[in-house]
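> sequence? don't have it. structure:
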Ligand SMILES: [Zn+2]
């Protein structure tokens, strides 16, 4: 495993411990993609970031209690937006 990947994994584990609702919301987005209810990002045709129009690579939650209420965003805008509401509700 390379260092960047290891870092990503540790970051996700820490993040999910701190934000259990966010973890559940991310899992719901994942299964919605698997069911075909949400388009996969990073495939053709590329989805556009709702903030800047760049290629979207993430679904952003503004409220983790609404797990499927998401918008596609690019990496930069996802960082700028920060975590959504209610991420820490157990
Ligand atoms: Zn963007």
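Cool, got the structure. These numbers come from a predicted model, not from an experiment.

> Show me what from this structure comes close to the ion.
49, 51, 52, 54, 74, 77 (C-beta under 5 Å from the ion). C-betas here are computed from N, CA, C, even on glycine.

> Among these, name the buried ones.
Among those, those classed as buried by 16 or more other C-beta atoms under 10 Å are 49, 51, 74, 77.

> Looking at those residues, which are in helices?
residue 77 (DSSP state H).

> can you pull out the helices in this protein?
Under DSSP H, the chain gives helices at 3-18, 20-35, 75-81.

> Could you identify which of those has the lowest mean pLDDT?
Ranked by mean pLDDT, the helices of the chain end with helix 3-18 at the bottom, a mean of 85.

> What helices and strands are in contact with it?
For helix 3-18, the packing partners by 3 or more C-beta pairs under 8 Å, 6 or more residues apart in numbering; DSSP states H and E come out as helix 20-35.

> Can you tell me what sits against the helix it packs on?
Outside helix 20-35, the residues that touch it by C-beta atoms under 8 Å, 6 or more residues apart in numbering are 15-16, 38-40, 59, 61, 64-65, 67-68, 70, 83-84, 86-90.
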